[in-house]
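Novice: structure of the sequence below:
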Amino acid sequence: MKIHGTTIVCVKKDGKMAMGGDGQVTLGQTSLKHTAVKVRKVHEDKILTGFSGATADAFTLFDKFETKLDEYRGNLRRAAVELARDWRTDRILRRLEALLTVADKEFMFIISGSGDVIEPDDDVIAIGSGGPYAQAAAKALLRHSELEAKGIVEQALRIASEICIYTNDTIVVEEL
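Specialist: Next up is the predicted model:
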């Protein structure tokens, strides 16, 4: 059985970027932890990161991403592309099972092990088992509410937690 269960959502609105995640860690049909922190600020608190997938793999990728940020002096796009390239071509990194979301005040990306760096067409991205539910909720709230970015992320995660059994309502949100 694999350990999994994550929902990460990121929203940009009115010059603010917010990213949040739920706290559930699941093994098979059992919830092992309710308060995991899957989002954090890095690079002098100027970059938001979030992960879904295997925890140890995600921490390895966080470390590699932070190294790339340092190497490229905080250039989010360049660091994301270089991490994706290394992740796809390195024999050991290639086996890591996780997705990363990264964002600064201007841009947001999903980075995958197959070499993808995906920038959304709009101001919402989401990953993980509850990602599609959180993304749909965030898009609706972005279009039809007066909530700020942080509030949209919180509400989208709460909605996802009502639908996805691998998502709980112990939510951590970071904002730039």
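Novice: ok, which stretches of this structure are strands?
Specialist: Shown for the chain, the strands assigned by DSSP state E span residues 3-4, 7-13, 16-22, 25-27, 30-33, 39-42, 47-53, 98-103, 108-111, 117-118, 124-128, 171-175.
Novice: tell me what the fourth one is packed against?
Specialist: The elements that strand 25-27 packs onto, with contact taken as 3 or more Cβ pairs under 8 Å, 6 or more residues apart in numbering; DSSP states H and E, are strand 3-4, strand 30-33. For glycine as for every other residue, the C-beta is placed from the backbone atoms N, C-alpha and C.
Novice: turn the strands of the chain into TSV, columns for distance to residue 140 and mean neighbour count.
Specialist: Output for these, formatted as TSV (distance: least, Cβ to Cβ, whole Å; neighbours: other Cβ atoms under 10 Å):
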stretch	distance to residue 140	mean neighbour count
strand 3-4	26	16
strand 7-13	12	29
strand 16-22	16	26
strand 25-27	26	18
strand 30-33	27	13
strand 39-42	22	17
strand 47-53	21	26
strand 98-103	20	24
strand 108-111	18	24
strand 117-118	21	17
strand 124-128	10	28
strand 171-175	18	19
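Novice: which of these comes out lowest on mean pLDDT?
Specialist: For the strands of the chain, the weakest mean pLDDT is recorded on strand 3-4, namely a mean of 56.
Novice: show me what residue 8 is bridged to.
Specialist: Residues in a beta bridge with residue 8, per DSSP bridges, are residue 21, residue 127.
Novice: now swap in residue 109 and tell me
Specialist: Counting by DSSP bridges, residue 109 is bridged to residue 102.
Novice: my guess is it contacts residue 83. True?
Specialist: No. Counting by Cβ atoms under 8 Å, residue 83 is not a contact partner of residue 109; they are 9.9 Å apart.
Novice: isn't residue 83 up against residue 62?
Specialist: No. Because the distance of 10.1 Å does not satisfy Cβ under 8 Å, residue 83 is recorded as not touching residue 62.
Novice: can you pull the residues that touch both of those two?
Specialist: Residues touching both residue 83 and residue 62 (Cβ atoms under 8 Å, 6 or more residues apart in numbering) are residue 100.
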